[in-house]
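[1] Could you look at this predicted model? Sequence included:
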Amino acid sequence: MSSLYGSSDSCAYASEEEDEKTVPPSPQASPNRGVNRYKDSLTYYDNDGNSEEEEEEIEEEGALRRRNGKSRNTPAARWQKRKQHPQKQKQKQESQEEEENEEEKVVESLENVSADTRTSFPQSCCFILDTNTLLEADHTEQQKILNTAEKHLVIIPRKVHGELNNMDEGRAGVSLLKLRKWIQKAVDSSGKNCQSSDAADVNDTVHIPSCGFRLQTAKEHCHSVTAVARNNDDHILSCACYFQRLNNKNKNNNNNINNNNKKNKKNKKSRESNMQVYLVTGDVVLSLKAHAEGVGTISTLC
């Protein structure tokens, strides 16, 4: 019985194995069914559109755009799009042009004496030189300054002379020794005929020399400006304000004299005592301070 039962069991097992081989797998038993359907959909769209090479190029282009931040959906792309907006670029250019025009207007207003009018002043002038004017002057410009001193009064403030003496040779960028010798030689050559204007009564008309090249004296400064001076530029401005207010006082005294006595000699003396005062500087801040005090400024004598 055991042999018979055993033989029957083996036959049953063999039949079951044959059935498993012959029966196709059910849809639920196929784990790759969804993947196959996705691949079929891709092949469907690929066959309907571009070739494989074109698809690869499109994928590479998209990857490159994402790498460079040029994708439409990224914040970098939106910021770049706003940055490259033509209307905003136009507004930015207009604002830059307006700022440049304003700067040019400021420079033109500071240079209130043009190159054409400098060569033909109607009367004698007094020029107060700033430190940068002397440092930037070459041999030709120095000669022009001396030529100007033959017809006009050229003053070097004491603070300017002190800055040149205390300045380092390497920092200045020019030969300070030659510049100091040139100043000393120019002062010595015109010092005999160039007198100071500090010894005079307040109520009298002060005679200002019409020409010459000299240093500022200790009394030639404006007390109101010197009292609030905080740096060397303020002391240079004080020198210019002294000559400007001295000239204004002479004008008022001459007007009073002319009203009382209208003789030719008196009129001639009043014309000789009047002069225009200019501060020669390239410093914008110092120029603005000079304009606030009523002193004219020019950038160069040349």
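    Structure's in. What do you need?

[2] By mean pLDDT, point me to the weakest helix or strand of the chain.
    Within the chain, confidence by mean pLDDT, DSSP states H and E is lowest for helix 115-118 among all helices and strands, at a mean of 41.

[3] In three-state terms, how would the residue lying closest to Asn274 once chain neighbours are set aside be classified?
    Sequence neighbours aside, Lys251 is the residue nearest to Asn274 in space, at 5.8 Å (criterion: C-beta to C-beta, 6 or more residues apart in numbering). (C-beta placed from N, C-alpha, C; glycine too.) Under DSSP: H, G, I helix; E, B strand; the rest coil, Lys251 falls in the helix class.

[4] what's the burial count for Lys251?
    A count of nearby residues for Lys251, using other C-beta atoms under 10 Å, gives 15.

[5] same question, Thr297
    Other residues lying near Thr297 total 25 when counted by other C-beta under 10 Å.

[6] and the helix or strand containing it, what does it pack onto?
    Element membership for Thr297 (DSSP states H and E) is strand 296-298. Packed against strand 296-298 by the contact rule (3 or more C-beta pairs under 8 Å, 6 or more residues apart in numbering; DSSP states H and E) you find strand 276-280, helix 284-292.

[7] how about a cut-off of 6 Å?
    Strand 296-298 sits against strand 276-280, with contacts defined as 3 or more C-beta pairs under 6 Å, 6 or more residues apart in numbering; DSSP states H and E.

[8] who's in contact with the strand it packs on?
    Strand 276-280 is contacted from outside by 125-129, 133, 240, 243-244, 247, 290, 295-298, 301, using C-beta atoms under 6 Å, 6 or more residues apart in numbering.

[9] Without its sequence neighbours, what residue ends up closest to Glu163?
    Leaving aside its sequence neighbours, Glu163 sits nearest to Thr131 (C-beta to C-beta, 6+ apart; 5.0 Å).

[10] that older thread, so after the least confident helix or strand of the chain, what's the next helix or strand?
    Downstream of helix 115-118, the first helix or strand assigned by DSSP H and E is strand 125-129.

[11] what about the residue nearest to Glu163, distance to Ala137?
    The spacing between Thr131 and Ala137, counted by C-beta to C-beta, to the nearest Å, is 11 Å.

[12] Give me the packing partners of the helix or strand hosting Val225, helices and strands only.
    Assessed by DSSP H and E, Val225 sits inside helix 223-227. Counting contacts by 3+ C-beta pairs under 6 Å, 6+ apart, helix 223-227 packs against helix 232-260.

[13] Could you name the helices and strands sitting against the helix it packs on?
    Packing partners of helix 232-260 (3+ C-beta pairs under 6 Å, 6+ apart): strand 125-129, helix 158-166, helix 223-227, helix 264-273, strand 276-280, helix 284-292.

[14] hey, least reliable of these by pLDDT?
    For the helices and strands packed on helix 232-260, mean pLDDT drops lowest on helix 264-273, to a mean of 51.

[15] How many residues are close by Tyr278?
    Counted with other C-beta under 10 Å, residues neighbouring Tyr278 total 25.

[16] same check, this time on Glu56
    Quick note: Glu56 (other C-beta under 10 Å) scores 11 neighbours.

[17] Please apply the same query to His223.
    Neighbours of His223 (other C-beta under 10 Å): 9.

[18] now do the one 5 residues further on
    Val228: 8 surrounding residues under other C-beta under 10 Å.

[19] roughly how far apart are it and Arg158?
    18 Å.

[20] re earlier: quick one, grab the pLDDT at the residue nearest to Glu163.
    92.

[21] For Asn165, see how far away it is.
    Remark: distance between Thr131 and Asn165 (C-beta to C-beta) = 11 Å.

[22] In terms of neighbours, single out the busier of these two.
    In this view Thr131 and Asn165 are compared by other C-beta under 10 Å, and Thr131 has more residues nearby, 24 against 9.

[23] hang on, that one packs against Gly162?
    No. Judged on C-beta atoms under 6 Å, Thr131 makes no contact with Gly162 at a distance of 9.6 Å.

[24] What is the burial count for Met275?
    Neighbours around Met275, by other C-beta under 10 Å: 22.

[25] Provide a list of residues in contact with it.
    Contacts for Met275 (C-beta under 6 Å, 6+ apart) come out as 124-126, 247.

[26] Check Lys159 too.
    Residues in contact with Lys159 (C-beta under 6 Å, 6+ apart) are 232, 235-236.

[27] what does Lys181 give?
    By C-beta under 6 Å, 6+ apart, no residues touch Lys181.

[28] That one: what secondary structure?
    Here Lys181 is recorded as helix under three-state DSSP.

[29] do you know how far it is from Gln96?
    Distance from Lys181 to Gln96, by C-beta to C-beta: 47 Å.
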